[in-house]
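# Using only what follows, build the 3D model:
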Amino acid sequence: MTKCANKKCGKEKPFFIKTIFSSSLKGIEKNGNWFCSEKCFKEWLIDETINKHHSREYISESRMKLGMVLLDKGVITPMQLQIALKEQSQTGKKIGYILLKNGYINEQELLSALSKQYGISFINVENLKEINIPDQIIPKEIIFEFNIFPLIVNHKDKFINIVISDPTDLRLLISFFNELLPEYKITFFLGNPDHIEKLITEFFPEKRFDFVIPDEYKSIEVESKIMEIINFISKKKDVKNLSFNFLDESLWLKFDWGKVGCDFYFTKKGK
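Have a look, this model is predicted:
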């Protein structure tokens, strides 16, 4: 019996005769796999993409070498490149990291060179006057894993602009979004990793405070209320050490506000 390819689900594919009377039971066929629903396919795609990212087998390669780009720009000297290449052969570290560590280039010069190497425009997100609050069309698991951020999501004209921090992720990200949002045009930009991380923690407090909402609390109504509370508190000055503990009968919110320790308990009505 064929089962849903999403291992978190495991539902069995119904017999053909049952799908005649209920089209919702048909599920969907994707990449040679059967999924009982779009939700299960999305969960599977996210997990597969993150696993591929961890394996680093799907990194984007460029015909242009970073060292030669920097040399052509006159940013480094042939001797500096030779020293960096020797260190790279001994340590296996990226040439850009070595040049940056040795003080031969600065971060802006590195990002500019990476932009030319991979043919992707650089954007300084700190100079952007307004950034839209990201909606749920971009899974936050992918945002956190790849350190990317959606700058513009236009549902009317079907296009999304995304800033990424590592251009070697391009191949995998293009594949992911082609599967997830085939009707959208995705344009990628390169940004400063630290600036992107700052954006993420600003709009996703759970990333900033490193907490995970358990599955049983992930109904739209409950999760939205939790995130509303977290967003409100996290934007207050001097708030730190915020944590959410999910108990049997209540939610326990703890944080420090300046020198004051705060504890709040949220229970169901009637408790």
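# Tell me how many other residues surround the nearest residue to residue 159 once chain neighbours are set aside.
Residue nearest to residue 159 in three dimensions, not counting chain neighbours: residue 185, with 4.4 Å by CB to CB, 6 or more residues apart in numbering. In this view, the C-beta of every residue, glycine as well, is placed from N, C-alpha and C. Using other CB atoms under 10 Å, residue 185 has 12 neighbouring residues.
# What of the one 5 residues further on?
Using other CB under 10 Å as the criterion, residue 190 is surrounded by 22 other residues.
# Run through the bridge partners of it.
For residue 190, the beta-bridge partners are residue 122, residue 164 (DSSP bridges).
# separation between it and residue 162?
Distance, residue 190 to residue 162, by CB to CB, to the nearest Å: 10 Å.
# low pLDDT regions in the stretch 1-150 of the chain?
Low-confidence segments of the stretch 1-150 of the chain, defined by pLDDT under 70: 1, 15-25.
# where exactly do the helices run in it?
16-21, 38-55, 66-72, 78-91, 95-101, 107-118, 140-146 (DSSP state H, counting those that start in this stretch).
# can these go into TSV with extra columns for mean neighbour count and distance to residue 238?
Below are the helices of the stretch 1-150 of the chain laid out as TSV (neighbours: other CB atoms under 10 Å; distance: least, CB to CB, whole Å):
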stretch	mean neighbour count	distance to residue 238
helix 16-21	10	58
helix 38-55	16	34
helix 66-72	18	42
helix 78-91	14	41
helix 95-101	18	34
helix 107-118	18	30
helix 140-146	17	25
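# Just send those back as a markdown table, with distance to residue 155 too.
Below are the helices of the stretch 1-150 of the chain laid out as a markdown table (distance: least, CB to CB, whole Å):
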| stretch | distance to residue 155 |
| --- | --- |
| helix 16-21 | 31 |
| helix 38-55 | 17 |
| helix 66-72 | 37 |
| helix 78-91 | 44 |
| helix 95-101 | 36 |
| helix 107-118 | 28 |
| helix 140-146 | 18 |
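# Residue 30 is nearest to which of these?
In terms of CB to CB, the element of the helices of the stretch 1-150 of the chain nearest to residue 30 is helix 38-55, at 5.4 Å.
# From the rest of the structure, what touches the closest one?
By CB atoms under 8 Å, 6 or more residues apart in numbering, the residues outside helix 38-55 that reach it are 4-9, 11, 28, 30, 33, 35, 58, 139, 141-142, 145-146, 169, 172, 175-176, 179-180.
# Can you tell me which of these are buried?
Buried by 16 or more other CB atoms under 10 Å: 4-6, 11, 33, 35, 58, 139, 142, 146, 169, 172, 176, 180, out of the contacts of helix 38-55.
# Dump those residues into TSV; add distance to residue 127 as well.
As requested, the buried ones among the contacts of helix 38-55 are exported to TSV (distance: CB to CB, whole Å):
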residue	distance to residue 127
4	45
5	43
6	41
11	48
33	43
35	42
58	31
139	27
142	25
146	22
169	23
172	28
176	28
180	29
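# so which pair among the residues you listed is furthest apart in space?
The distance between the two most remote of those (CB to CB) is 32.1 Å, for 11 and 169.
# what about residue 241, helix or strand, and which?
strand 239-246 (DSSP states H and E).
# Mind checking what helix or strand follows that strand in sequence?
Next along the chain after strand 239-246, taking DSSP H and E as the criterion, comes strand 250-257.
# helix or strand right after that next one?
Next along from strand 250-257, by DSSP H and E: strand 260-267.
# can you pull out the strands in the stretch 101-250 of the chain?
Assigned by DSSP state E, counting those that start in this stretch, the stretch 101-250 of the chain shows strands spanning 149-154, 159-164, 185-190, 239-246, 250-257.
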